[in-house]
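Q: Structure of the sequence below:
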Amino acid sequence: MRLTFKIIAVGALLAISVSLLSLRQSDNSPPKQIQQKLIEQSDSLLKAVGLLRSTPFDAAHKAQLQYRFKQLRLVYKRIEWAAEYFDPVNTRLVNGPPVPEAELSGVIIQPDGLQVIEADIFPTIATSKKVEMRGLLKRLTQNVLVCKDRFQHADIQDWQILDAAKLEVFKIEILGLNNFDDPLLQNCFNESAAALQGVQWAVSRYDARINFESAIKYIMRQSEFNQFDRAAFITRYANPLTRKLTALHKRLNLPDIKYNRLLNQEAATLYDKNAYNRNAFIASPQDSATADKIALGKHLFFDPILSGNGVRSCGTCHQPDKAFTDGLPKNLDITGKKLVARNTPTLINAALQPAQFYDLRAPSLEDQANDVVRNRDEMHGDMQVAIGKLWMDESYRNQFAKAYQVENRTAIDTFEVVNALASYVRSLTALNSRFDDYMQGNSKALNATEINGFNLFMGKARCGTCHYLPLFNGALPPRYMQMEAEIIGVPKSKYSRQIDPDLGTAAIQPLGFNNHAFKVTTVRNAARTAPYMHNGIYKTLEEVIDFYNKGGGAGAGIKVFNQTLPADQLHLTLKEKRDLIAFIKSLNSR
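A: The predicted structure is shown next:
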């Protein structure tokens, strides 16, 4: 279970209408063959839903219901690569998260589809929900029909097919091998194999020599969830596959249709240098970070000129030698008389998330900078006063003139200030840890303990179901349009049996399911950013892992009515905890 707090990033991942990009295809072209296959697979999916609908929803038919649901999910997985790419909004209603999804606009999307159905069939049949099940299956049929109609009328292009295929392989390595969307059925290996088979058929229309079979066989050989070597699968099978798909795109001389998204379309693997676009979450292209903006932003970052009392700067709380944190549970407010509300998070890789702050209230780094400057407790500044001071400073006037080309300039604009600060934060993107070296092909970059820690992170310890590989934050891959929040039941103090009173995202959106929900922060550089949690109550990584090992707050006996973290204990051994920490240390940026 997880809470999805949907953030639509301004200017990021602009929707492209397939019809606008259409080029007439011959009747036997690969896109036409694939389109016809997708229509046929949609019919197979409808048939599978129909079989489940025809099965009496009672305990006597438990085995049949569970078998047919399992087969239904496998049919869906074979079409997932195309459904999620060409019809993402509707597909969210087919296989989206089993929890409400809140948009900043206030729209609430209620859960629907396969993952909701799963909870009523596994591990036992929820016979009291017979009426609800009838409605779920009826809507699922309607949504699959919508998906089929999309395939029937779309002008699908070669470049889109290969782009979608590569994204599906990425999704499998990030989410497919940890029961992310089948936590009760727990059939992730068979489902991942089915998803690869769907991609394989489509790609074979272009090049049948690309070897999916080895990857499929490797997955299918696995029977024990906790023993599966995910590091080996990624380095030996997934990475070579996505490299070959990238090379195939180039070899076919397909058009490079670019649009702004976090994961660059030309990235051959998730771990390529420059695979991620630090300028993804901006309002317009001219807001991108440049060398001049970064230099100006750095100057502003460490200058107290923006604060109300002229004493505090951004760098006061975000210190470079502490991975841009302050090493405190909570810092003092600007008066020095009380504590601020929350722990100071790192700014390293902050550009790689579509929302900022623990409560996700800022959709951009510009909004974050503006919020902090104006915040009464943090900097208590006045932007109008600040830009007046900056204009009076000749050095700043020259820097702004260089960074922002404005004719006949007579003042400094407030947006220029926050954009410069945001540009500096965007420059703090650093995906260059030893883990990245390992995934890029340096097999000696990690030792056996660290590799085992990674496999634990992605498997038994369940960390990877919230801290998504390879950014290890809550930006939902592979589209990265949503930032997830979780309710894990963090206590008021280390030994308290009461939940911390901070309401998290509910303070922004006062909805019951948002109570005590906080952004899933990055695990990268976590070894350098103690103390931990939004309230800074845990001093060490050992304490954090113990908290999760017990099942979060609910597992430790705290009353958390809406905890999204499973309350079951993980049963990690002392060695496994140590291996996890060793892996986390390998994520330090250099």
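Q: Please count neighbours and contacts with C-alpha atoms only from this point.
A: Noted.
Q: from what I can see residue 538 touches residue 545, true?
A: No - if you go by C-alpha atoms under 8 Å, residue 538 and residue 545 don't touch, sitting 10.0 Å apart.
Q: in this structure, which segments are predicted with low confidence?
A: 1-26, 104-105, 260 (pLDDT under 70).
Q: again, only this time at 50
A: 1-23 (pLDDT under 50).
Q: Break it down into its domains, please.
A: 28-251, 285-426, 434-585 (automatic domain parsing).
Q: For residue 279, find the nearest of these.
A: domain 285-426 (5.6 Å; C-alpha to C-alpha).
Q: distance between the closest one and the chain's centre?
A: The chain centre lies 25 Å from the centre of domain 285-426; the measure is C-alpha atoms, centre = their mean, to the nearest Å.
Q: From start to finish, how long is that domain in a straight line?
A: End-to-end distance for domain 285-426: 14 Å, by C-alpha to C-alpha, to the nearest Å.
Q: one step back: mind putting the domains of the chain into CSV with mean neighbour count?
A: Listed next are these as CSV, based on neighbours: other C-alpha atoms under 10 Å:
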stretch, mean neighbour count
domain 28-251, 19
domain 285-426, 19
domain 434-585, 20
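Q: Make JSON lines from those and add distance to residue 263 to it.
A: Shown next, in JSON lines, are the domains of the chain (distance: least, C-alpha to C-alpha, whole Å):
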{"stretch": "domain 28-251", "distance to residue 263": "10"}
{"stretch": "domain 285-426", "distance to residue 263": "9"}
{"stretch": "domain 434-585", "distance to residue 263": "7"}
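Q: Figure out which of these is closest to residue 269.
A: It is, among the domains of the chain and with distance given as C-alpha to C-alpha, domain 28-251, at 5.7 Å.
Q: Quick one: end-to-end length of the closest one, please.
A: Terminal residues of domain 28-251 are spaced 20 Å apart (C-alpha to C-alpha).
Q: do stretch 110-123 as well
A: 23 Å.
Q: Stretch 366-385 too?
A: Terminal residues of stretch 366-385 lie 18 Å apart, using C-alpha to C-alpha.
Q: With adjacent residues omitted, what lies nearest to residue 366?
A: Once flanking residues are discounted, residue 366 sits nearest to residue 418: 5.1 Å by C-alpha to C-alpha, 6 or more residues apart in numbering.
Q: Would you agree residue 378 is in contact with residue 336?
A: No - in this structure, residue 378 is not within contact of residue 336 by C-alpha under 8 Å, at 10.2 Å.
Q: quick one: residue 586 and residue 319, what's the gap?
A: Note on residue 586: its distance to residue 319, by C-alpha to C-alpha, is 21 Å.
Q: do the same with residue 421
A: According to C-alpha to C-alpha, residue 421 and residue 319 sit 15 Å apart.
Q: mind listing the strands for the stretch 451-590 of the chain?
A: Using DSSP state E, counting those that start in this stretch, the strands of the stretch 451-590 of the chain run over 483-486, 518-519.
Q: could those go into a markdown table alongside distance to residue 279?
A: Listed next are the strands of the stretch 451-590 of the chain as a markdown table, based on distance: least, C-alpha to C-alpha, whole Å:
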| stretch | distance to residue 279 |
| --- | --- |
| strand 483-486 | 17 |
| strand 518-519 | 21 |
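Q: how about those, which one is nearest residue 494?
A: Counting by C-alpha to C-alpha, residue 494 lies closest to strand 518-519 out of the strands of the stretch 451-590 of the chain; the figure is 17.8 Å.
Q: Point out the other helices and strands that the closest one packs with.
A: strand 483-486 (3 or more C-alpha pairs under 8 Å, 6 or more residues apart in numbering; DSSP states H and E).
Q: How far off centre is the strand it packs on?
A: 8 Å.
Q: Use 18 as the first number from now on
A: Yep, numbering from 18; the last one is strand 500-503 now.
Q: Show me what it is packed up against.
A: Packing partners of strand 500-503 (3+ C-alpha pairs under 8 Å, 6+ apart): strand 20-23, strand 535-536.
Q: Just the CA atoms of it, as PDB, please.
A: These are the backbone C-alpha positions of strand 500-503, laid out as PDB (Å, rounded to 0.1, in the frame of the first residue of the first chain):
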ATOM      1  CA  MET A 500       6.100  12.600  -6.200                       C
ATOM      2  CA  GLU A 501       5.000  10.000  -3.600                       C
ATOM      3  CA  ALA A 502       4.400  10.500   0.000                       C
ATOM      4  CA  GLU A 503       4.100   7.800   2.600                       C
END
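Q: what about the residue lying closest to residue 129 once chain neighbours are set aside, distance to residue 282?
A: Distance criterion C-alpha to C-alpha, 6+ apart; nearest residue to residue 129, sequence neighbours excluded, is residue 110 at 5.2 Å. Using C-alpha to C-alpha, residue 110 is found at 26 Å from residue 282.
Q: dump the residue contacts of residue 56.
A: By C-alpha atoms under 8 Å, 6 or more residues apart in numbering, the contact set of residue 56 is 165, 168-169.
Q: One more pass at 10 Å, please.
A: 62, 96, 162, 164-169 (C-alpha atoms under 10 Å, 6 or more residues apart in numbering).
Q: Over to residue 94?
A: So residue 94 contacts 62, 88, 100, 112, 207-216 (C-alpha under 10 Å, 6+ apart).
Q: Can you tell me which of the residues you listed lies closest to residue 191?
A: residue 209 (11.0 Å).
Q: Is the closest one in contact with residue 188, as I believe?
A: Yes - under the criterion of C-alpha atoms under 10 Å, residue 209 makes contact with residue 188 at 9.5 Å.
Q: right, and the strands of the stretch 468-607 of the chain - which one's nearest residue 389?
A: strand 535-536 (17.5 Å).
Q: The closest one pairs with which strands, parallel or anti?
A: strand 500-503 (antiparallel) (DSSP bridges).
Q: to the chain's geometric centre, what's the distance from the strand or helix carrying residue 66?
A: Per DSSP states H and E, residue 66 falls inside helix 47-70. On the basis of C-alpha atoms, centre = their mean, helix 47-70 sits 29 Å off its chain's mean C-alpha point.
Q: can you dump the C-alpha coordinates of it into PDB?
A: What follows is helix 47-70, C-alpha atoms only, in PDB (Å, rounded to 0.1, in the frame of the first residue of the first chain):
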ATOM      1  CA  PRO A  47       5.900  -2.700 -38.100                       C
ATOM      2  CA  PRO A  48       3.700  -0.100 -36.400                       C
ATOM      3  CA  LYS A  49       0.600  -1.500 -38.300                       C
ATOM      4  CA  GLN A  50       1.500  -5.000 -37.300                       C
ATOM      5  CA  ILE A  51       2.000  -3.900 -33.700                       C
ATOM      6  CA  GLN A  52      -1.200  -1.900 -33.600                       C
ATOM      7  CA  GLN A  53      -3.100  -4.900 -34.800                       C
ATOM      8  CA  LYS A  54      -1.400  -7.100 -32.100                       C
ATOM      9  CA  LEU A  55      -2.300  -4.600 -29.400                       C
ATOM     10  CA  ILE A  56      -6.000  -4.600 -30.500                       C
ATOM     11  CA  GLU A  57      -5.900  -8.400 -30.300                       C
ATOM     12  CA  GLN A  58      -4.300  -8.300 -26.900                       C
ATOM     13  CA  SER A  59      -6.900  -5.900 -25.800                       C
ATOM     14  CA  ASP A  60      -9.500  -8.500 -26.800                       C
ATOM     15  CA  SER A  61      -7.600 -11.100 -24.800                       C
ATOM     16  CA  LEU A  62      -7.600  -8.800 -21.800                       C
ATOM     17  CA  LEU A  63     -11.400  -8.300 -22.100                       C
ATOM     18  CA  LYS A  64     -11.900 -12.000 -22.300                       C
ATOM     19  CA  ALA A  65      -9.800 -12.500 -19.200                       C
ATOM     20  CA  VAL A  66     -11.900  -9.900 -17.300                       C
ATOM     21  CA  GLY A  67     -15.000 -11.600 -18.600                       C
ATOM     22  CA  LEU A  68     -13.900 -15.000 -17.200                       C
ATOM     23  CA  LEU A  69     -13.300 -13.400 -13.800                       C
ATOM     24  CA  ARG A  70     -16.700 -11.600 -13.900                       C
END
